[in-house]
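J.: what shape does this take:
(one chain, ligands or ions: 3)
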Amino acid sequence: MVWKVPLASATRLPSPRAFSTSTTLFHRATGAQIPNTSIRVFREIPALRQWRRKQRLDHRSVGLVPTMGALHAGHLSLIRMAAADNSAVVVSIYVNPTQFGVHEDLDSYPKTWDEDCKMLRNLDRELSEDGGNLGKIAAVFAPTTDTIYPSGIPSQEVDGKGSFVTITPVGELLEGASRPIFFRGVATVCMKLFNIMQPEKVYFGQKDVQQTVVIKRLVKDFCMDTKVVVGATQREPDGLALSSRNVYLGTRRRKMATVLLRTLKLAEAAYFSGCRSRSELLGPAEDWIHHLEVEQRQNKPEKRASFLLDYISLADPETMEEIDEVDEKKGAILSGAIKMLPIEHPNDGEDLGLSGGLPVRLIDNIILQAA
Ligand SMILES: Nc1ncnc2c1ncn2[C@@H]1O[C@H](COP(=O)(O)OP(=O)(O)OP(=O)(O)O)[C@@H](O)[C@H]1O
Ligand SMILES: CC(C)(CO)[C@@H](O)C(=O)[O-]
Ligand code: BAL
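T.: Ligands and ions are numbered 1, 2, ... in the order given. Next up is the predicted model:
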């Protein structure tokens, strides 16, 4: 994609100054919290562990929702699920440098701390008023990079050294093939977050389906005492999956961005009509998206929103390995990724998206349910 970032700039979290701004107050006795809420803000492990111990002593369950901030309704739906199930919800906000390749968008990744605090405050009010919940938002964990990587940030190079968790082969496929250090970074930071928080349950979104498979494998293979819960993908009215990176799109590419879901839906429709083989399911869908890809390329520069198809996959739901035939007892995962290319010929005053229209990688998926 874009993106060459010096490691020194990799701390993506609210600076200590943020703790004296209007959205986070620091109280000597109780630590920081989001104003007009009881939501604590932890930046360091000892205070968080102390708080966690108290929850255990009080027999209060903890649900963790890991995020990279720039919150949207997809994140909020996971927090709602966590509040329904747990006495206390912790939302982590940390833009984890080790899951970004050296040319990826770490530096420009949207950071909206003040807005995130407002969203959490409003959601917490809603949760308090809704009697159906077991708990509400108890804390935000917004660590510094020194806290998460006490021996320094490990390398972002594929063959770099460091204390890593790797989950292979699933972490090497699909998203892992296009972003070779991505799942190593995700598994490593999630292992740390789970160790720090020791949550009874952790919540992840279906939008990042391969990530959910990697996390389930992490928990299983490292005998971690937590349950992985997956929440449905939240979408815009036209079907585009909500994603923090959608702010990069701008108006013209935003209209084209639904092409991926429309392609997956063609394959899903074939499944509903009785097709089970890879060629029947993916063939027409791939032809359609390739046709659109070429059509955009041939369109006038002032009109086109070009994209490149990375992959369309039909995979086993437990391993993410490609399959030739859907086993109805297991179901399958249809997934895909496209790269929206920069607008080559912006029109006067055109909204190009955050950071002037960087290339944007979009992913999406549909589960073909087991019969
Ligand atoms: N549309 C969505 N619906 C449900 N969950 C989502 C959605 N988007 C993200 N999530 C989940 O929220 C959690 C945190 O994701 P993250 O902070 O990376 O947001 P994101 O929108 O996925 O960002 P990005 O644009 O970087 O992919 C992940 O478990 C992710 O799957
Ligand atoms: C799980 C996660 C918070 C790890 O950094 C991130 O990959 C995300 O937001 O999906
Ligand atoms: N939502 C997954 C995090 C990432 O793409 O970096």
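J.: which residues of the stretch 151-300 of the chain fall in strands?
T.: Listed in chain order, the strands found in the stretch 151-300 of the chain under DSSP state E, counting those that start in this stretch are 201-205, 227-231.
J.: what's the first one in contact with?
T.: If you take C-beta atoms under 8 Å, 6 or more residues apart in numbering as the criterion, strand 201-205 is touched by 61, 63-66, 74-75, 77-79, 81-82, 85-86, 190, 194, 211-212, 215, 219, 226-231, 233-234. (Each C-beta comes from the backbone N, C-alpha and C, glycine too.)
J.: let's verify Arg80: helix, strand, or coil?
T.: Three-state call for Arg80 (DSSP: H, G, I helix; E, B strand; the rest coil): helix.
J.: so it makes contact with Leu127?
T.: Yes. Under the criterion of C-beta atoms under 8 Å, Arg80 makes contact with Leu127 at 7.2 Å.
J.: what is in contact with the two at once?
T.: With C-beta under 8 Å, 6+ apart as the test, Arg80 and Leu127 both reach Asn133.
J.: for the spatially most central residue of the chain, give its distance to ligand 1.
T.: When C-alpha atoms, centre = their mean is applied to the chain, the residue found nearest the centroid is Asp208 (5.9 Å). From Asp208 over to ligand 1 the distance is 4 Å, taken as C-beta to the nearest ligand atom, to the nearest Å.
J.: show me what the residue nearest to that residue when sequence neighbours are not counted bridges to in the sheet.
T.: Of all residues not flanking Asp208 in the chain, Ile363 sits nearest, at 7.1 Å (C-beta to C-beta, 6 or more residues apart in numbering). Here Ile363 shows beta-bridge partners Ala337, assigned using DSSP bridges.
J.: again, but for the one 4 residues further on
T.: Legend: beta-bridge partners of Ile367 under DSSP bridges are Ile333.
J.: how about the residues of the protein that lie near ligand 1?
T.: 67-68, 74-75, 77-78, 204-205, 207-208, 231, 233-234, 241-245 (C-beta under 6 Å from any ligand atom).
J.: going through those, which ones are buried?
T.: By neighbour count, with 16 or more other C-beta atoms under 10 Å, the residues of the chain next to ligand 1 hold 67-68, 74-75, 77-78, 204-205, 207-208, 231, 233-234, 241-245 as buried.
J.: the stretch 101-250 of the chain: helices as residue ranges?
T.: 113-129, 145-148, 175-178, 182-197, 209-221, 250-256 (DSSP state H, counting those that start in this stretch).
J.: quick one: mean pLDDT over the first one.
T.: Read it as helix 113-129. When pLDDT is averaged along helix 113-129, the result is 96.
J.: contacts for that helix?
T.: Applying C-beta under 8 Å, 6+ apart, the external contacts of helix 113-129 come out as 14, 18, 21-24, 34-39, 69-71, 76, 79-80, 83, 91, 93, 133, 135-137, 140, 142.
J.: how many neighbouring residues does Gln198 have?
T.: Using other C-beta atoms under 10 Å, Gln198 has 17 neighbouring residues.
J.: ok, now Asp130?
T.: Asp130 has 12 neighbouring residues, counting by other C-beta under 10 Å.
J.: one step back: now the helices of the stretch 101-250 of the chain in JSON lines, with distance to Arg43?
T.: JSON lines is the format used below for the helices of the stretch 101-250 of the chain (distance: least, C-beta to C-beta, whole Å):
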{"stretch": "helix 113-129", "distance to Arg43": "12"}
{"stretch": "helix 145-148", "distance to Arg43": "7"}
{"stretch": "helix 175-178", "distance to Arg43": "30"}
{"stretch": "helix 182-197", "distance to Arg43": "12"}
{"stretch": "helix 209-221", "distance to Arg43": "24"}
{"stretch": "helix 250-256", "distance to Arg43": "34"}
